[in-house]
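Undergrad: sequence isn't available, so here's the structure alone:
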């Protein structure tokens, strides 16, 4: 399975790198890869949210037996595991593929950052939907934009940093070109 993930990551990275030349003057390859994979995962998140909210929950409350969640929060709860896994795999095997940290450590750190963003999303959705009266799907998009900025710096400086403290994807003694 690991070989499959490594090879798939290489294929995705090479495909993304074909689009990189016009952006060379403005950003490092790693930041560009993060942007592309992050955008792909974000769009996946938005589509998943829309489908779950409108077609699976059909705007109804989610009764878990021990708690009843509003439809927009229930949708958030359902999409979390899928978006967590897809985001981690993209960042580990495409963007920060040079990180030498063990995958369990990376996944734990990624999860900490991810769940911090979920908390921000939860609070943001509560405020935007229940206080401000905005529709759930646009509210989710607004909250996502805020969490993207937090995520990049957290992943770069915390999740995928190497044991020696170097920023992930940066071989020791080089700049941020990978």
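TA: That came in fine, so what should we check first? Bear in mind that the values here come from a model prediction, so they are computed numbers and not experimental data.
Undergrad: pLDDT weak spots in this protein?
TA: By pLDDT under 70, the weakly predicted segments of the chain are 162-178.
Undergrad: can you give me the helices for it?
TA: Using DSSP state H, the helices of the chain run over residues 2-18, 29-51, 71-90, 103-125, 136-154.
Undergrad: tell me who's in contact with residue 56.
TA: residue 78 (CB atoms under 8 Å, 6 or more residues apart in numbering). Every C-beta, even on glycine, is put in place using the N, C-alpha and C of the backbone.
Undergrad: between the helices of the chain, which gets nearest to residue 59?
TA: In terms of CB to CB, the element of these nearest to residue 59 is helix 71-90, at 5.1 Å.
Undergrad: contacting residues around the closest one?
TA: If you take CB under 8 Å, 6+ apart as the criterion, helix 71-90 is touched by 5, 9, 12, 37-38, 40-41, 44-45, 48-49, 52-53, 56-57, 59-62, 69, 106-107, 110-111, 114, 118, 121-122, 125-126, 129, 136, 139-140.
Undergrad: before we move on, back to that, can I get the helices of the chain in CSV including mean neighbour count and distance to residue 96?
TA: Converted to CSV, the helices of the chain look like this (neighbours: other CB atoms under 10 Å; distance: least, CB to CB, whole Å):
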stretch, mean neighbour count, distance to residue 96
helix 2-18, 13, 10
helix 29-51, 18, 7
helix 71-90, 19, 10
helix 103-125, 16, 8
helix 136-154, 16, 11
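Undergrad: what's the closest of these to residue 97?
TA: That would be helix 2-18 among these, by CB to CB, at 5.8 Å.
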